[in-house]
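S.K.: give me a model of this one.
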Amino acid sequence: MILASASQASFALALAAAAAYALPAAAASRLSERAARAALLVAWILHGTLLAAGLLGEQPRFGFAPALSVTAWLVLTVYAIESKLFPLLKARWALAGFGAAAVLLTLIFPGSPLHAAASPWLPLHWALGIASYGLFAAAVVHAWLMTRAERNIRKATETHTGVPLLTLERLTFRFVQAGFVLLSATLLAGVLFGEWLYGTGRGWRWDHKTVFSVMSWLAFALLLIGRARFGWRGRTAIRVLYIGSLLLLLAYVGSRFVMEVFLGRGA
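M.R.: You can find the predicted model right below:
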């Protein structure tokens, strides 16, 4: 979430994490199950160490790439826990590729320094938002696995997910529910304490980030209401989940990407 500017140590750590992620992503078919799990575990530890070092840095930074980096680490944390419960869960290569790309992207775009007048509670506010990113990303991964399993069932082929279809669906909506709670808390904190958190005299304002955040919140609220009231499931529910997740991605990562890459500006 918040990373210090790349020192030699953090640069080497990031490269090591990316290399460890790239191994199971690029050589998934040639690695044994044990070797792939070990490489992913090493990558996850190195990635977590890199994020922790950023939290303790003298000049913490934040931006779209660090946000993606934390999101990737959170999704891999969820995968690590679930793989203990469902050893045959098959999403390792895709998540490893996502992790490698996120770590390398942070080296290129480390983000902007935290505003000097910002509240010390601002990182907690960001943590809530990024945690909701991670939970919704986990929901998207499970929805993708569910779609692939349904397609294979229709074709009468092996599902290759390692998790029963109904279990995948249940897990998907649990992640959506948890993400919705955190997203709601993040938006509420922004409404009530925005000016104090940022310390720049700005409170709640209807910029691109706010508009996309509210639209994503409405999409997820519609999804949960549709699930509870009308029993939405399958393609309908997955489409709404994808739409809400895309809007949430545009809310912060998208807007910061435009500001940092195309406009060359920070916050």
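S.K.: contacting residues around the residue nearest to Leu23 when sequence neighbours are not counted?
M.R.: Leaving aside its sequence neighbours, Leu23 sits nearest to Ala39 (Cβ to Cβ, 6 or more residues apart in numbering; 4.4 Å). For every residue, glycine as well, the C-beta is placed using N, CA and C. Applying Cβ atoms under 8 Å, 6 or more residues apart in numbering, we find Ala39 in contact with Ala20, Tyr21, Leu23, Pro24, Leu31, Ala96.
S.K.: top of those residues by number of neighbours, please.
M.R.: Tyr21 (29 neighbours; other Cβ atoms under 10 Å).
S.K.: in which helix or strand does the residue nearest to Leu23 reside?
M.R.: Secondary structure assigned from DSSP states H and E places Ala39 in helix 33-55.
S.K.: buried ones in that helix?
M.R.: For helix 33-55, the neighbour count (16 or more other Cβ atoms under 10 Å) marks 36-37, 39-40, 42-44, 46-47, 50-51, 53-54 as buried.
S.K.: can you list the residue ranges for strands in the stretch 51-200 of the chain?
M.R.: Here the stretch 51-200 of the chain has its strands, by DSSP state E, counting those that start in this stretch, at 60-62, 112-113.
S.K.: adding secondary structure, write the contacts of Ala39 out as CSV.
M.R.: Below are the contacts of Ala39 laid out as CSV (DSSP: H, G, I helix; E, B strand; the rest coil):
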residue, secondary structure
Ala20, helix
Tyr21, helix
Leu23, helix
Pro24, helix
Leu31, coil
Ala96, helix
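S.K.: for these, which one is nearest Leu104?
M.R.: Distances from Leu104 to the contacts of Ala39, taken as Cβ to Cβ, are shortest for Tyr21 (9.2 Å).
S.K.: hang on, that closest one packs against Val103?
M.R.: Yes - with contacts counted by Cβ atoms under 8 Å, Tyr21 reaches Val103, the gap being 6.8 Å.
S.K.: common neighbours of the two, please.
M.R.: With Cβ under 8 Å, 6+ apart as the test, Tyr21 and Val103 both reach His47.
S.K.: who touches the closest residue to His208 other than its chain neighbours in this structure?
M.R.: Leaving aside its sequence neighbours, His208 sits nearest to Ser255 (Cβ to Cβ, 6+ apart; 4.8 Å). Ser255 sits next to Asp207, His208, Lys209, Phe212 when contact means Cβ under 8 Å, 6+ apart.
S.K.: which among the residues you listed gets closest to Glu169?
M.R.: Distances from Glu169 to the contacts of Ser255, taken by Cβ to Cβ, are shortest for Phe212, at 26.8 Å.
S.K.: state the pLDDT value of that closest one.
M.R.: Note for Phe212: predicted pLDDT of 92.
S.K.: what about it, which helix or strand?
M.R.: According to DSSP H and E, Phe212 maps onto helix 208-230.
S.K.: against which helices or strands is that helix packed?
M.R.: Helix 208-230 sits against helix 165-198, helix 234-249, helix 255-257, with contacts defined as 3 or more Cβ pairs under 8 Å, 6 or more residues apart in numbering; DSSP states H and E.
S.K.: ok, now which ones touch the residue most central in space within the chain?
M.R.: Residue closest to the average C-alpha location in the chain (Cα atoms, centre = their mean): Thr71, at 2.6 Å. Counting by Cβ under 8 Å, 6+ apart, Thr71 touches Ala102, Ile130, Tyr133, Gly134, Ala137.
S.K.: closest to Leu218 out of these?
M.R.: Closest to Leu218 out of these is Tyr133 (17.1 Å), distances taken as Cβ to Cβ.
S.K.: contacts only, for the closest one.
M.R.: If you count contacts by Cβ under 8 Å, 6+ apart, Tyr133 has them with Ala67, Val70, Thr71, Leu74, Leu248, Leu249, Tyr252, Val253.
S.K.: now these in JSON lines, with pLDDT?
M.R.: JSON lines is the format used below for the contacts of Tyr133 (pLDDT from 0 to 100):
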{"residue": "Ala67", "pLDDT": "84"}
{"residue": "Val70", "pLDDT": "88"}
{"residue": "Thr71", "pLDDT": "88"}
{"residue": "Leu74", "pLDDT": "90"}
{"residue": "Leu248", "pLDDT": "93"}
{"residue": "Leu249", "pLDDT": "90"}
{"residue": "Tyr252", "pLDDT": "81"}
{"residue": "Val253", "pLDDT": "83"}
